[in-house]
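Asks: pasting the sequence and the predicted model now:
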Amino acid sequence: MRKILVTGAAGQIGSELIPALREHYGSDRVIASDIRIPPVGASSDGFFEHVDCTHIREIDHAVRRHEIGTIYHLAALLSAVAEERPRVAWDVNMGGLYRVLEVARQYGCAVFYPSSIGAFGPTTPPRHTPQDTIQRPTTIYGITKVSGELLCDYYHQRLGLDTRGLRLPGLISHGTLPGGGTTDYAVEMFHHALR
């Protein structure tokens, strides 16, 4: 079995996903990666690779070096931070995803990409929301999530790449401090829709 690479491993989802994947597949089969290097001794139970997803060579190097077959691409600037730095958010969220998909296409990797309830917007039906629905987000984070879903669809339909995603609600890790996520935005959007 080829190994698993998790980008953005130090974030809310990654900090919970890494231990679960390592328990299921073994510590030597799951490579945690992030732009932030963990403190010494913080994670001695498996491999860590410094990967900046805005640099395709770093992604390529990690995939080749560790013989990766599946990438969980979690690296992103979240909504609150993205609103303060929209150009950087676009480069990290969309440019990073594009680079991951290109490397995955070259090496035949599957890609899991988390979308978000941030992909919706004030015109999305708030109850019994269908899978295919109006997606007109009002944040740069939401716009990158809708665009990311479409880009993954393109790579699957046109290029045969195994891409999968979920629209996740606001998630908060019990062990990692929040970092500017969509929960506050989603709560406000829901209350606005009920008015």
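Replies: Cool, got the structure. Residues are numbered from 1 along each chain as shown.

Asks: only C-alpha atoms from now on, for both contacts and neighbour counts.
Replies: Noted.

Asks: now for residue 103, how many residues are close by?
Replies: 20 (other Cα atoms under 10 Å).

Asks: whoops, I mixed them up, residue 51
Replies: 24.

Asks: pLDDT score assigned to it?
Replies: What the model reports as pLDDT for residue 51 is 97.

Asks: pretty sure it is touching residue 32, no?
Replies: No - counting by Cα atoms under 8 Å, residue 51 stays clear of residue 32, with 9.3 Å between them.

Asks: got the contact list for the residue nearest the centre of the chain?
Replies: In the chain, the residue lying closest to the centroid (Cα atoms, centre = their mean) is residue 74, at 2.5 Å. Counting by Cα atoms under 8 Å, 6 or more residues apart in numbering, residue 74 touches 6, 7, 8, 9, 11, 13, 14, 113, 114.

Asks: give me the distance between the first one and residue 85.
Replies: Per Cα to Cα, to the nearest Å, residue 6 is found 24 Å from residue 85.

Asks: who has more neighbours out of these two?
Replies: residue 6 (26 against 13).

Asks: now the more buried one: which helix or strand?
Replies: Residue 6 is part of strand 3-7 when elements are defined by DSSP states H and E.

Asks: which neighbours do residue 51 and residue 32 have in common?
Replies: residue 7.

Asks: and the strand holding residue 6, what does it pack against?
Replies: Here strand 3-7 touches helix 14-25, strand 30-34, strand 68-73, going by 3 or more Cα pairs under 8 Å, 6 or more residues apart in numbering; DSSP states H and E.

Asks: for this structure, which spans come out with low pLDDT?
Replies: Along the chain, segments meeting pLDDT under 70 span 39-44, 170-195.

Asks: so where do the strands sit in it?
Replies: 3-7, 30-34, 47-50, 68-73, 110-116, 163-168 (DSSP state E).

Asks: if you count neighbours, what's buried in the second one?
Replies: Think strand 30-34. 30, 31, 32, 33, 34 (16 or more other Cα atoms under 10 Å).

Asks: give the contact list for the fourth one.
Replies: By Cα under 8 Å, 6+ apart, residue 33 lies in contact with 5, 6, 7, 8, 9, 10, 48, 49, 50, 51.

Asks: can you dump the C-alpha coordinates of stretch 51-60 into PDB?
Replies: C-alpha atoms of stretch 51-60 as PDB (Å, rounded to 0.1, in the frame of the first residue of the first chain):
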ATOM      1  CA  VAL A  51       5.500  21.300   2.800                       C
ATOM      2  CA  ASP A  52       4.400  24.800   1.600                       C
ATOM      3  CA  CYS A  53       1.600  24.100  -0.900                       C
ATOM      4  CA  THR A  54       2.400  27.300  -2.800                       C
ATOM      5  CA  HIS A  55       5.600  25.600  -4.000                       C
ATOM      6  CA  ILE A  56       4.900  22.700  -6.300                       C
ATOM      7  CA  ARG A  57       8.500  21.300  -5.900                       C
ATOM      8  CA  GLU A  58       7.900  20.800  -2.200                       C
ATOM      9  CA  ILE A  59       4.700  18.800  -2.900                       C
ATOM     10  CA  ASP A  60       6.400  16.800  -5.600                       C
END
